[in-house]
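S.K.: Need a 3D model of the sequence below.
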Amino acid sequence: MELSAQLLQLERVYQEIKWRIVYGRYAPGFVLSEGMLARVHRASRTPVRDALSRLSEEGYVERVPRRGFQVARITVAMIEQMFEVRQSLEVTAAGLAAERADDAQVARIRELADYPTLEATAESYRQRLAANDEFHVAVAAAAQNGLLVDLVRRSLTQHNRVLSLGSQHAVLPGSVPQHHSIADAIEARDPTAARAAMAAHLTDSYQLVMDQVASGRVRGLRARDAERLHPGPL
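M.R.: Got it, this is the predicted structure:
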C-alpha cells in the first residue's frame, strides 16, 4: 500500500473510532481490542494501533494492563480542565475576532448564531451540537489564527462527548441570545464586550454540563467521582 493510502486509512480509522467514542457508540469502559476494531473498521491492526495511540494521547482511551485499551470514563477534573481551556481560548478568540474579522466573517458568525429547527431525536441533537461547533469555530476563525481554530475544535469535541453521554438532550436555554450578543460585540468592533459575552456564555455552558453530571444524567462517570457526587446511604 502506498504511503498516501496508508495515511488516509489511518486518518479514517482514527476519525471513525473517535466519532463512536464521542457519540457513545463505544461507551465509557468499553474494551477496545485491536482485532475487533480491525474487523469493524475494515483495516489492518497497524492503523488501529496507531489510532488508539493517538486517542490515548488525547484522553479518549486509556491503557488497561493485560487488556489493551478501553474507552476512558468521564471525570469531573476533565470537565473542569476542558472548560478552563475553552475559557482561555474562546474568550481570547472573541476579542481578536472583534479586532480582525472581515465583513464576510461577521456575516457568517451572525448566520450561525441561530440553530436550525430540529426534532427531539438523538440524530437531531448531534446536528445541534454540530451547529454549535460551527458558530464557535467561526468566531475562532475570525481571529485569523489557524492554531487557535484547531484547539477550539478539539475542546468542543470533548464538550460534545460529555453532552452526548447524557440521558437527556441538555440544551442551554439562553444559548441563541448569547450567541447573538457575541456576534453583536464582534460586529461593533468591541473586543471588551466580545470577551465578556463569550465568558458569560461559557460560564453558563459549564453550569449546564455540571448540573447534568451532579444530577446523575451523564453515563460513564468515573466511579470515585460518582460516589463523591452521589453518596449512597450510610
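
S.K.: I believe Arg63 is in a strand; please confirm or correct that.
M.R.: Yes. Secondary structure assignment places Arg63 in a strand (DSSP: H, G, I helix; E, B strand; the rest coil).

S.K.: excluding its backbone neighbours, what's nearest it?
M.R.: Leaving aside its chain neighbours, Arg63 sits nearest to Phe69 (5.9 Å; criterion: C-beta to C-beta, 6 or more residues apart in numbering). Any C-beta I mention is one placed from the backbone N, CA and C, and that applies to glycine too.

S.K.: Repeat that for Ser181.
M.R.: Ala197 (4.3 Å).

S.K.: number of nearby residues for that neighbour?
M.R.: 23 (other C-beta atoms under 10 Å).

S.K.: That one touches Ala185, doesn't it?
M.R.: Yes. At 5.1 Å, Ala197 counts as touching Ala185 under the criterion of C-beta atoms under 8 Å.

S.K.: what residues are shared contacts of the two?
M.R.: Ala94 (C-beta atoms under 8 Å, 6 or more residues apart in numbering).

S.K.: Just say helix, strand or coil for Gln70.
M.R.: Under the three-state scheme (three-state DSSP), Gln70 adopts strand.

S.K.: what about it, distance to Arg63?
M.R.: For Gln70, the distance to Arg63 equals 8 Å [C-beta to C-beta, to the nearest Å].

S.K.: more crowded one of the two?
M.R.: Gln70 (18 against 11).

S.K.: ok, Gln105 - contacts?
M.R.: Gln105 sits next to Ala97, Ala138, Ala141, Ala142 when contact means C-beta under 8 Å, 6+ apart.

S.K.: Touching, the second one and Ala113? I think so.
M.R.: Going back to what we said before, that points to Ala138. No. Ala138 lies out of contact with Ala113 (C-beta under 8 Å); the separation is 9.4 Å.

S.K.: What's the separation between the residue nearest the centre of the chain and Leu129?
M.R.: The centroid of the chain falls nearest to Thr157 when counting by C-alpha atoms, centre = their mean (2.0 Å). Applying C-beta to C-beta, the value for Thr157 to Leu129 is 10 Å.

S.K.: now do Leu165
M.R.: 12 Å.

S.K.: Low-confidence regions, the chain specifically.
M.R.: Filtered on pLDDT under 70, the chain yields the residue ranges 1-3, 227, 229-234.

S.K.: Using the record's domain definitions, break it down for me.
M.R.: 3-71, 76-214 (automatic domain parsing).

S.K.: separation between Gly24 and Arg86?
M.R.: In terms of C-beta to C-beta, Gly24 sits 21 Å off from Arg86.

S.K.: typo on my end, it should be Asp190
M.R.: Asp190 is 21 Å from Arg86, where distance means C-beta to C-beta.

S.K.: Single out the most deeply packed of the domains of the chain.
M.R.: Comparing the domains of the chain by mean neighbour count (mean count of other C-beta atoms under 10 Å), domain 76-214 ranks first with a mean of 18.

S.K.: centre of the chain versus that one, how much separation?
M.R.: Centroid displacement of domain 76-214 relative to its chain, using C-alpha atoms, centre = their mean, to the nearest Å, is 10 Å.
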